[in-house]
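[1] Using only what follows, build the 3D model:
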Amino acid sequence: MTEVEHVTCDSPVNIAVIKYWGKRDEKLILPLNSSISVTLNQDELRARTTVAISRHFKEDKMWLNGREQSMKSERLQSVIAQIKRICRKRKMDCDQLEEKLQWKLHICSENNFPTAAGLASSAAGYACLVYAMSKLYGVDGDISKIARQGSGSACRSLYGGFVLWNKGESVDGEDSRAEQIAPETHWPDLRILILVVSDQTKHTGSTVGMQTSVETSELLQQRIQTVPDRVEQMKQAILKKDFHTFAEITMKESNQLHAVCLDTYPPVSYLTDISHHIIQLVHAINQDNGSNMVAYSFDAGPNAFLFVQEKDVPIVSRVLCHFYPSSDPHFLRGLPMPEKTDYQVDYTTFSELKVIPKALKFIIHTKPGPEPSVKESCCELLASDGFPKVNSNDDKQS
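    As a prediction, this is how the structure comes out:
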């Protein structure tokens, strides 16, 4: 065996269109309802993780976005233990493997987007960690159940395209897993515009917010009864590429999530005045169009995910730049914007909405994307000695 064995992987962010909010089991992270998400393209948003093991490592270590982190997280330790347990179970009679499983672990991870700002960083991060460790230890098969126990929605980031997280019925959570509804190539002209209102850490974490909602929100208990029908409606809208229905359900789901948050006691509020302005603007665009041209979705944060068909991206982006002007030359990021059409926007139909300069940090243009992947050696975050490539001397001394 080599001195240091390592694997580097990239994993995507996903945005739920049927929301997950609330658990029936906090420890196993079993959701109250099934959910559906769209996996986003990794060129614009992704987590990257290098995991390494060596007989020479003195202790388990972890770095996130350049800073060393504690390894004491119960969820983190659970994920690592489960990967090793499955590895032992499937390759029992191997002394060399058992020795390898005793070696200390170094984990280095980074995101190319703001962490903890409501852009599903924990989902991408845990999906990436579980995927990378499964490759390092040679674990095959369904690993979404393991990722789920790190961060619930992480199980959805292990698949590309359009993904269902089945809530399951079993007490032990064995049937609570993710499965792909359709690959990213199924709906090639679907686009997502991410409107970054804030890149700061949100004031109330999703875990705390969910738990409080489960304990206090009557609306959440009513919601659970209606979600199964919406799941089926959304699946059919995706399979038929019915954008109008897809958009309507997506917006209603987002609204209901944040209604539940306000029904929580004390209330939890993730949306800002700018978030509400975006909602008003989207409905104004759709009303002016006579049908759903664009749909919004907000997770536990102020940032908006707008779904739009490729042909309408020039119009929608023009309207956004009108109402949220910015002098930043990098305001529009990600996929190149399609050529502008000759279509002229009549802003008199939006007379009740005011222009708000610098309301948005930036806009990311992306599309549905594939599942996690193993990267080449040039992408590694750890050097040959198993410490981060940047400031590695400082890390060794810490």
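
[2] quick one: the nearest residue to residue 29 once chain neighbours are set aside from residue 192, how far?
    Nearest non-adjacent residue to residue 29, counting by C-beta to C-beta, 6 or more residues apart in numbering: residue 152, 4.7 Å away. No exception for glycine: its C-beta is placed from N, CA and C like everyone else's. Separation of residue 152 from residue 192 (C-beta to C-beta, to the nearest Å): 21 Å.

[3] So which residues of the stretch 101-250 of the chain form strands?
    Along the stretch 101-250 of the chain, counting by DSSP state E, counting those that start in this stretch, strands occupy 104-111, 162-165, 178-182, 190-196.

[4] Scan the helices and strands of this protein for the one with the lowest mean pLDDT.
    helix 392-397 (a mean of 42; mean pLDDT, DSSP states H and E).

[5] For the closest residue to residue 248 other than its chain neighbours, grab the count of nearby residues.
    Distance criterion C-beta to C-beta, 6+ apart; nearest residue to residue 248, sequence neighbours excluded, is residue 292 at 6.1 Å. By other C-beta atoms under 10 Å, the residues close to residue 292 number 22.

[6] just the one 10 residues further on next, same as before
    The criterion is other C-beta under 10 Å. On that basis, residue 302 has 23 neighbouring residues.

[7] Pretty sure residue 291 sits against residue 248.
    No: using C-beta atoms under 8 Å, residue 291 and residue 248 do not qualify as a contacting pair, with a distance of 9.9 Å.

[8] So for those two, which sits in the more crowded spot?
    residue 248 (17 against 10).

[9] what about that one, distance to residue 344?
    Distance, residue 248 to residue 344, by C-beta to C-beta: 27 Å.

[10] Residue 308 too?
    Noted for residue 308: a distance of 18 Å to residue 344, by C-beta to C-beta.

[11] sorry, back to before: mind giving me JSON lines with the strands of the stretch 101-250 of the chain and columns for distance to residue 51?
    As requested, the strands of the stretch 101-250 of the chain are exported to JSON lines (distance: least, C-beta to C-beta, whole Å):
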{"stretch": "strand 104-111", "distance to residue 51": "5"}
{"stretch": "strand 162-165", "distance to residue 51": "24"}
{"stretch": "strand 178-182", "distance to residue 51": "21"}
{"stretch": "strand 190-196", "distance to residue 51": "28"}
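
[12] Dump those into JSON lines; add mean pLDDT and distance to residue 231 as well.
    Listed next are those as JSON lines, based on pLDDT from 0 to 100; distance: least, C-beta to C-beta, whole Å:
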{"stretch": "strand 104-111", "mean pLDDT": "96", "distance to residue 231": "29"}
{"stretch": "strand 162-165", "mean pLDDT": "98", "distance to residue 231": "7"}
{"stretch": "strand 178-182", "mean pLDDT": "98", "distance to residue 231": "10"}
{"stretch": "strand 190-196", "mean pLDDT": "97", "distance to residue 231": "19"}
